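1. Dropping a prediction and its sequence here:
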Amino acid sequence: MTGTIPNLGPDKVSLGVTPTLWWNDDFPLIDIGIPFEQCVSEMALAGFQGCSIGHKYPADDPTALKEALDLRGLQVSEPWVSTYFTIGDRDRTIGNFKRQLEFLKTVGGRDIVVAEFGQSSHLQPIPVFDHRPEFTPTDWERLTSGLNEIGRLAADSGMRLCYHHHMGTGVQSAADIDKLMEGTDAQYVHLLFDTGHLQLAGDDPLAAAEKHKQRIKHVHLKNVRQPVADKVRSDHLSFQEAILEGVFTVPGDSEGMIDFRPVLTTLGNAGFEGWLVVEAEQNPATACPLKYAKMARAYLTDVLGW
């Protein structure tokens, strides 16, 4: 069936893709040498309207970056800011956030994505499930008050802070998301909903989408190969090992197990407006980026009807 999702037409949502199909921003050695220009050209060729910012982008020259993206008909879906509130690095975090707000003003965009990486295990060569942090009440207070503060800064600039729950961090599970949403101001702290991270964490993306549909303002559409996900847990793999094993893939891949239609239907019925961003942290040496980008875009055409 084609085009069955209500209220998610091109007047409501934009379709983006992350450069993690072309290289990995957390683990720079997962890379076959694809340059920035090829990456963004293939994003446009695959039919996407925008993209997130990767480490090979000329982010130190936002004017040049905007020109390169404009040439290809692409917009910036989001920049990323890692926060470190739970380890007491408030001033540095806020300073970095303010710089990214200025960057976003220059290149154009509305959403700024953050995740708390204080105490995170996901960048370390250790089992991602066994060593994820468990926040104390003090940690939660530092995090939620800090997010409310920078969320207000974003709102004052006409932008939206969208929090990304992430494997190997203190906000990993559906229960963690519940706690974060309860402790933050809905006016200033929105949710970036990542289907793949929640599925890998062992939770039901659809149930979480239903519960927090009014807070979701940005979406990462990431698929999961469930046999690999099971191996990540049983064999105590690190996050990098999970990626190299192929735990993630794109919507539309028959090897993935997530049914995106009900999730998208939930968002459409809730009046979602914003970016739907395809993300698959894959190894480009074994998963051709353009092939998977086109696969995902074809799937979204079939599901959304455009």
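-> Good, I have the coordinates.
2. Who are the packing partners of the longest helix that the chain contains?
-> The helix that spans the most residues within the chain, counting by DSSP state H, is helix 137-156. Applying 3 or more C-beta pairs under 8 Å, 6 or more residues apart in numbering; DSSP states H and E, one finds that helix 137-156 makes contact with strand 80-83, helix 90-107, strand 111-116, strand 160-164, helix 174-183, strand 189-194. No exception for glycine: its C-beta is placed from N, CA and C like everyone else's.
3. Tabulate the ones you listed (a markdown table), appending distance to residue 203 and mean pLDDT.
-> Compiled in a markdown table, the helices and strands packed on helix 137-156 are given as follows (distance: least, C-beta to C-beta, whole Å; pLDDT from 0 to 100):
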| stretch | distance to residue 203 | mean pLDDT |
| --- | --- | --- |
| strand 80-83 | 22 | 96 |
| helix 90-107 | 27 | 96 |
| strand 111-116 | 17 | 98 |
| strand 160-164 | 15 | 98 |
| helix 174-183 | 4 | 98 |
| strand 189-194 | 11 | 98 |
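4. Between those, which one is closest to residue 304.
-> Closest to residue 304 of these, according to C-beta to C-beta: strand 189-194, at 16.9 Å.
5. The closest one - contacts with which helices or strands?
-> The criterion is 3+ C-beta pairs under 8 Å, 6+ apart, and the helices and strands that strand 189-194 contacts are helix 137-156, strand 160-164, helix 174-183, helix 205-211, strand 216-221.
6. what about dumping the CA coordinates of the longest helix of the chain to PDB?
-> As requested, C-alpha coordinates have been extracted for helix 137-156 and formatted as PDB (Å, rounded to 0.1, in the frame of the first residue of the first chain):
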ATOM      1  CA  PRO A 137      19.200  12.100  41.700                       C
ATOM      2  CA  THR A 138      22.000  14.800  41.600                       C
ATOM      3  CA  ASP A 139      22.900  13.800  38.100                       C
ATOM      4  CA  TRP A 140      19.300  14.100  37.000                       C
ATOM      5  CA  GLU A 141      18.900  17.500  38.600                       C
ATOM      6  CA  ARG A 142      22.000  18.800  36.900                       C
ATOM      7  CA  LEU A 143      20.900  17.400  33.600                       C
ATOM      8  CA  THR A 144      17.300  18.600  33.600                       C
ATOM      9  CA  SER A 145      18.000  22.100  35.000                       C
ATOM     10  CA  GLY A 146      20.800  22.400  32.500                       C
ATOM     11  CA  LEU A 147      18.600  21.400  29.600                       C
ATOM     12  CA  ASN A 148      15.900  23.800  30.700                       C
ATOM     13  CA  GLU A 149      18.500  26.600  30.700                       C
ATOM     14  CA  ILE A 150      19.900  25.900  27.200                       C
ATOM     15  CA  GLY A 151      16.400  25.100  25.900                       C
ATOM     16  CA  ARG A 152      15.300  28.500  26.900                       C
ATOM     17  CA  LEU A 153      18.300  30.000  25.100                       C
ATOM     18  CA  ALA A 154      17.300  28.100  21.900                       C
ATOM     19  CA  ALA A 155      13.700  29.300  22.200                       C
ATOM     20  CA  ASP A 156      14.800  32.900  22.700                       C
END
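7. how distant is that helix from the center of its chain?
-> With C-alpha atoms, centre = their mean, to the nearest Å as the basis, the distance from the averaged C-alpha position of helix 137-156 to the chain average is 19 Å.
8. got the contact list for it?
-> By C-beta atoms under 8 Å, 6 or more residues apart in numbering, the surrounding residues in contact with helix 137-156 are 83, 85-86, 88, 90, 93-94, 97-98, 101, 112, 114, 116, 118-119, 133, 135, 160-161, 163, 170-171, 179-180, 183-185, 187-190.
9. picking up where we left off before, could you dump the helices and strands packed on helix 137-156 to CSV with mean neighbour count?
-> CSV is the format used below for the helices and strands packed on helix 137-156 (neighbours: other C-beta atoms under 10 Å):
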stretch, mean neighbour count
strand 80-83, 20
helix 90-107, 16
strand 111-116, 24
strand 160-164, 25
helix 174-183, 17
strand 189-194, 25
